[in-house]
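>>> Model the structure of this input:
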Amino acid sequence: MGKYFGTDGFRGEANQELTVEHAFKIGRWLGWYYGRDHKAKAVIGKDTRRSSYMFEAALCAGLTASGADAYLLHVTSTPSVSYIARADDFDCGIMISASHNPYQDNGIKLLNGDGEKMEQSVLDGIEAWLDSGEELPYAHGADIGCTVDYAAGRNRYIGMLISLATRSYKGRRIGLDCANGSTWMMAKSVFDALGADTYVIGNRPDGLNINVDCGSTHIENLQKFVIENRLDLGFAFDGDADRCLAVDDKGQIVTGDHILYVCAKYMQQRGTLGRSKVVTTVMSNLGLYKALDALGIGYEKTAVGDKYVAENMRANGHLLGGEQSGHIIFGKLASTGDGLLTAIKLMEAVCEMKLPLSELHAEMRLYPQKLKNVVVTDKDETLACPEVRAAVAAAEARLGDNGRVLLRKSGTEPLLRVMAEAESDGLCEEIVDGIIAAMDAAGKLVEVRA
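Numbering: from 1, shown residues only. Prediction:
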């Protein structure tokens with residue numbers, strides 16, 4: 001992880017950690033880097049937060065000043081930028097979003113011409129230049145770039161999604177929570193086109209209400225909505241729609257782990273999974289692994305971040321992977337997590353297997369899980385501390401095969417995350433608190449956050 005770019009782009013409070021000058025300079029560097037031997041072009045999308053418009057203008061100014069053309073998808077999703085970057089032969093894609101963060105934050109996510117998370121070497125180049133004080137050449141005359149309205153690209157992405165559905169959704173009552181974000185118009189268009197009776201919340205963005213009591217981070221609202229309106233199921237997206245969680249016909253939350261299980265089982269039964277393994281992160285629930293074991297489906301674990309899931313899938317030819325948080329990647333169809341695509345693939349399983357979603361995931365039992373965020377004096381020193389390591393070893397011995405412990409550094413915050421899975425909530429709490437107590441006794445603890 002670099003000084004500016006973390007596991008999911010350059011993110012921070014708008015005009016505090018991430019300023020309009022940063023955006024201009026990133027555009028300048030990208031326009032220069034990709035335009036050294038041809039006329040470069042970049043495609044840009046943004047979510048609905050107020051500062052996204054400011055950052056879009058700054059990026060366009062930087063790109064065009066360096067001689068590149070900037071194609072604007074306007075308000076759209078991260079996966080749509082990924083798709084268009086790949087399908088329409090762009091040098092790179094840029095998404096302006098802080099995903100599930102509050103509106104005060106924003107971020108710049110960079111994608112390469114294949115629609116994948118940008119190579120680290122390119123990010124390193126940007127970071128080195130941001131701090132160097134060196135000048136880049138400006139374009140002059142006819143070499144100055146232009147901006148192009150490219151809403152047609154977004155519409156083509158929507159058409160691609162619709163084409164993937166295997167059956168009509170006629171007669172299906174489907175709820176959508178758009179998080180007042182990127183899908184506020186797109187999601188309903190897709191499900192209406194497929195014949196569903198569509199009920200929508202979180203579709204009134206005002207620039208300040210993205211992710212506020214809505215979307216995949218507040219799925220309790222969709223649970224209530226599904227039950228009150230007697231819907232067949234519902235889908236909740238985050239601010240930039242690279243995540244999807246669901247609510248089944250009984251109002252139960254369907255996590256990313258549930259979605260991986262349902263889709264893997266469906267693919268296995270259809271003969272399309274082959275020898276492919278399911279790629280997860282270390283945060284996936286133990287219940288997923290036990291359920292996959294029962295099906296004879298293999299799996300692999302990566303570090304947290306859909307970037308690492310995608311890298312593993314590409315390297316090993318795996319077809320399905322994702323995170324508990326709802327980043328799900330279908331290897332033959334996308335290069336990154338795609339909330340709308342995930343919803344369509346989950347609907348495929350529901351329609352083709354002719355079962356309600358609650359029955360499709362019923363055989364997978366989630367283990368209780370407790371996670372606490374801990375501010376410590378030094379993350380690496382705390383992880384290496386003998387007292388902490390001894391507490392973790394004792395907890396692992398106590399849990400055996402019926403639980404697990406995980407300590408990891410946050411990729412975006414100055415925190416350690418302490419997690420335990422066990423057969424009861426009480427035991428999870430006891431294990432986590434015991435490890436935190438060891439940190440405190442060793443003089444490493446600063447603060448515990450919920």
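>>> Going by C-alpha atoms from here, please, whenever you check contacts or count neighbours.
OK.
>>> how much space between Tyr299 and Glu396?
Using Cα to Cα, to the nearest Å, one gets 21 Å for the distance from Tyr299 to Glu396.
>>> Repeat that for Met185.
47 Å.
>>> and the helix or strand containing Met419, which strands flank it?
Assessed by DSSP states H and E, Met419 sits inside strand 416-421. Paired neighbours of strand 416-421 in the sheet (DSSP bridges): strand 369-376 (antiparallel), strand 404-409 (antiparallel).
>>> If we go by neighbour counts, what in the last one is buried?
Neighbour-count burial for strand 404-409 flags 404-405, 407-409 (criterion: 16 or more other Cα atoms under 10 Å).
>>> Over to stretch 287-299?
For stretch 287-299, by 16+ other Cα under 10 Å, it's 287-289, 291-292, 297, 299.
>>> and Asp238, how many residues sit next to it?
Using other Cα atoms under 10 Å, Asp238 is surrounded by 31 other residues.
>>> What distance do you get for it to Glu323?
Asp238 is 14 Å from Glu323, by Cα to Cα.
>>> Name the nearest residue to Arg172, sequence neighbours excluded.
Distances taken as Cα to Cα, 6 or more residues apart in numbering place Ala196 nearest to Arg172, at 5.2 Å, with adjacent residues excluded.
>>> rewinding a little: just put the buried residues of stretch 287-299 in CSV and tack on pLDDT, distance to Thr147 and secondary structure.
Formatted as CSV, these follow (pLDDT from 0 to 100; distance: Cα to Cα, whole Å; DSSP: H, G, I helix; E, B strand; the rest coil):
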residue, pLDDT, distance to Thr147, secondary structure
Gly287, 95, 49, helix
Leu288, 97, 46, helix
Tyr289, 96, 48, helix
Ala291, 97, 50, helix
Leu292, 97, 48, helix
Ile297, 98, 48, coil
Tyr299, 98, 44, strand
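>>> got JSON lines for these, with distance to Lys250 too?
Formatted as JSON lines, the buried residues of stretch 287-299 follow (distance: Cα to Cα, whole Å):
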{"residue": "Gly287", "distance to Lys250": "20"}
{"residue": "Leu288", "distance to Lys250": "20"}
{"residue": "Tyr289", "distance to Lys250": "24"}
{"residue": "Ala291", "distance to Lys250": "21"}
{"residue": "Leu292", "distance to Lys250": "23"}
{"residue": "Ile297", "distance to Lys250": "27"}
{"residue": "Tyr299", "distance to Lys250": "29"}
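>>> and which of those is nearest Glu429?
Comparing the buried residues of stretch 287-299 against Glu429 with Cα to Cα places Gly287 closest, at 17.9 Å.
>>> excluding its backbone neighbours, what's nearest the closest one?
Nearest to Gly287 is Leu366, by Cα to Cα, 6+ apart, at 4.7 Å.
>>> follow-up on the earlier one: the strand holding Met419: how far from the chain's middle?
20 Å (Cα atoms, centre = their mean, to the nearest Å).
>>> Residues contacting whatever helix or strand comes next after it, please?
Next in sequence after strand 416-421, counting helices and strands by DSSP H and E, comes helix 425-441. Residues outside helix 425-441 that contact it (Cα atoms under 8 Å, 6 or more residues apart in numbering): 368-372, 374, 382, 387-388, 391-392, 395, 418-422, 445.
>>> May I see the buried residues of the helix or strand following helix 425-441?
Downstream of helix 425-441, the next assigned helix or strand under DSSP H and E is strand 445-449. For strand 445-449, burial by neighbour count (16+ other Cα under 10 Å) applies to Leu445.
>>> and the angle from strand 445-449 to strand 416-421?
60 degrees (axes from the mean of the first three to the mean of the last three Cα atoms, to 10 degrees).
>>> May I see the strands paired with strand 416-421 organised as CSV, with distance to Gly159 and mean pLDDT added?
CSV is the format used below for these (distance: least, Cα to Cα, whole Å; pLDDT from 0 to 100):
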stretch, distance to Gly159, mean pLDDT
strand 369-376, 39, 92
strand 404-409, 40, 91
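>>> Is it possible to get TSV of these that adds distance to Ala152?
Output for the strands paired with strand 416-421, formatted as TSV (distance: least, Cα to Cα, whole Å):
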stretch	distance to Ala152
strand 369-376	43
strand 404-409	41
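>>> Of those strands, which is nearest Ser66?
Ser66 lies closest to strand 404-409 among those, at 37.4 Å (Cα to Cα).
>>> Can I get the closest one as PDB, trimmed to CA atoms?
Extracted in PDB, the C-alpha atoms of strand 404-409 (Å, rounded to 0.1, in the frame of the first residue of the first chain):
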ATOM      1  CA  ARG A 404     -10.800 -19.500  14.200                       C
ATOM      2  CA  VAL A 405      -9.100 -16.200  15.100                       C
ATOM      3  CA  LEU A 406      -7.900 -13.500  12.700                       C
ATOM      4  CA  LEU A 407      -5.800 -10.400  13.400                       C
ATOM      5  CA  ARG A 408      -5.100  -8.200  10.400                       C
ATOM      6  CA  LYS A 409      -4.100  -4.700   9.600                       C
END
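>>> Give the rounded mean pLDDT of whichever strand or helix holds Ala394.
Remark: Ala394 resides in helix 386-399, with elements defined by DSSP H and E. Mean pLDDT, helix 386-399: 94.
>>> Contacts for that helix next, please.
The contact list for helix 386-399 (Cα under 8 Å, 6+ apart) reads 382-383, 403-405, 422, 431, 434-435, 438-439, 442.
>>> can you list the residues you listed in JSON lines and add distance to Leu161?
Formatted as JSON lines, these follow (distance: Cα to Cα, whole Å):
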{"residue": "Thr382", "distance to Leu161": "46"}
{"residue": "Leu383", "distance to Leu161": "44"}
{"residue": "Gly403", "distance to Leu161": "39"}
{"residue": "Arg404", "distance to Leu161": "38"}
{"residue": "Val405", "distance to Leu161": "39"}
{"residue": "Ala422", "distance to Leu161": "39"}
{"residue": "Ile431", "distance to Leu161": "44"}
{"residue": "Gly434", "distance to Leu161": "48"}
{"residue": "Ile435", "distance to Leu161": "46"}
{"residue": "Ala438", "distance to Leu161": "50"}
{"residue": "Met439", "distance to Leu161": "48"}
{"residue": "Ala442", "distance to Leu161": "53"}
